[in-house]
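*Asks:* give me coordinates for this.
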Amino acid sequence: MSAAMYVLSTLGGFVLSSALLFKCPNLLHNKKKQSFRSRHISHRGGAGENLENTMAAFRHAVQLGTEMLELDCHLTKDEQVVVSHDSNLKRTTGLNKDIGNLTFRELPLYHCKLHVSFKKDCVCVGGKDRSIPLLSEVFEAFPDTPINIDIKVDSDVLIQKVSDLVKKFNRQDITVWGNVSDHIVKKCYSMNPQIPILFSQQRVLLLVGLFYTGLLPFYPLREQFLEIPMPTINLKLTDPNKISRTQRFTIWLTDALLMRKSLFEHLKARGIQVYIWVLNDKEDFERAFKLGATGVMTDYPIQLKEFLECYPCKEQ
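*Replies:* As a prediction, this is how the structure comes out:
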């Protein structure tokens, strides 16, 4: 056999096996199993309808029937795990201090109004609940609700304490955790491999590279949840006059590469749920589910609930 024929036969074998395993990944990989499926996910508890990351927001979302709460964790000076997105309190409370430099009792109340990060020119007006809660309060109040935890800082103590709380409340099968940093995700997995992890940013880039080279069907994945943004929402959050052609092209290219139905279907066939964030408009909800997303993360739980009541529920 000539060298050219050998290369062609090898390449042909790779292409055929890649295509087969892409469509039928369970021939090579065991399908991952979770005890829940989440279509409706409330970002920071629903930051457009109640002050973000407050017990009032979480209660409101759960009462509506949300299938997952998304929240963020930090560690106080006295090593209490609290639910807050920002490490510095300036934006949310007006106090220009880091959470890590204050004890839990010293934490101030949130402002009465907070800007909704993923909805242009929108502000959420809060009610009586303006307190930063403990993660343990959330776990205690919602023992059966899946919770998606963003570990906001690289802290071994924070990771250990979150793991301990998850085990204390016996919710390892309904908790997901991670961070954009692969270093932090590896620490989470090492600390407690029983808690499912999210893809880090580095692993998302690897995933996309494997997908376009045809290597993905052969590659083992330890993550159980892919949580990614829909790049085009950036066009809604920025003044059109301030977006350059280069930025528009970058957004379009990123969206074209990442928002791929075939990729999502392959991952779901391997038991990996796909969540797209943070979507706050009906047309974005519809696009996400048409692309095959398992779930959508939103600041407006009521709006997403109303959409899902009309949108046909398909087996994910």
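
*Asks:* flag the shaky bits of the stretch 101-250 of the chain, pLDDT-wise.
*Replies:* Nowhere does the stretch 101-250 of the chain drop to pLDDT under 70.

*Asks:* mind listing the strands for it?
*Replies:* With strands called from DSSP state E, counting those that start in this stretch, the stretch 101-250 of the chain shows them at 113-115, 123-125, 147-151, 175-178, 225-229.

*Asks:* okay, buried residues for the lengthiest helix in the chain please.
*Replies:* Assignment by DSSP state H gives helix 3-23 as the longest helix of the chain. Neighbour counts over helix 3-23 (16 or more other CB atoms under 10 Å) mark 18, 21-22 as buried. No exception for glycine: its C-beta is placed from N, CA and C like everyone else's.

*Asks:* circling back: how about the strands of the stretch 101-250 of the chain in TSV, adding mean neighbour count and distance to F104?
*Replies:* TSV is the format used below for these (neighbours: other CB atoms under 10 Å; distance: least, CB to CB, whole Å):
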stretch	mean neighbour count	distance to F104
strand 113-115	16	20
strand 123-125	15	24
strand 147-151	22	18
strand 175-178	24	21
strand 225-229	20	28
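
*Asks:* of the ones you listed, which approaches H85 most closely?
*Replies:* strand 147-151 (8.0 Å; CB to CB).

*Asks:* same for that closest one, what does it pack against?
*Replies:* Here strand 147-151 touches strand 68-75, helix 135-141, helix 156-168, strand 175-178, going by 3 or more CB pairs under 8 Å, 6 or more residues apart in numbering; DSSP states H and E.

*Asks:* got the angle for it vs helix 156-168?
*Replies:* Relative orientation of strand 147-151 versus helix 156-168 (axes from the mean of the first three to the mean of the last three CA atoms, to 10 degrees): 170 degrees.

*Asks:* about what we covered before: nearest to A57, out of the strands of the stretch 101-250 of the chain?
*Replies:* strand 123-125 (9.0 Å).

*Asks:* who does the closest one pair with, and is each partner parallel or antiparallel?
*Replies:* strand 113-115 (antiparallel) (DSSP bridges).

*Asks:* name the residues that touch the strand it pairs with?
*Replies:* Under the criterion CB atoms under 8 Å, 6 or more residues apart in numbering, residues 47, 51-52, 91-92, 122-126 lie in contact with strand 113-115.

*Asks:* check stretch 86-94 too.
*Replies:* By CB under 8 Å, 6+ apart, stretch 86-94 touches 52, 74, 84-85, 95-100, 102, 107-111, 114, 152-153.

*Asks:* from those, which would you call buried?
*Replies:* If we count by 16+ other CB under 10 Å, the contacts of stretch 86-94 have these buried: 52, 74, 84-85, 98-99, 102, 107, 109-111, 114, 152-153.

*Asks:* dump the residues you listed to a markdown table, plus distance to Q224.
*Replies:* A markdown table is the format used below for these (distance: CB to CB, whole Å):
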| residue | distance to Q224 |
| --- | --- |
| E52 | 26 |
| H74 | 24 |
| S84 | 26 |
| H85 | 23 |
| D98 | 32 |
| I99 | 29 |
| L102 | 34 |
| L107 | 33 |
| L109 | 36 |
| Y110 | 32 |
| H111 | 36 |
| L114 | 31 |
| K152 | 21 |
| V153 | 23 |
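
*Asks:* great, nothing more from me.
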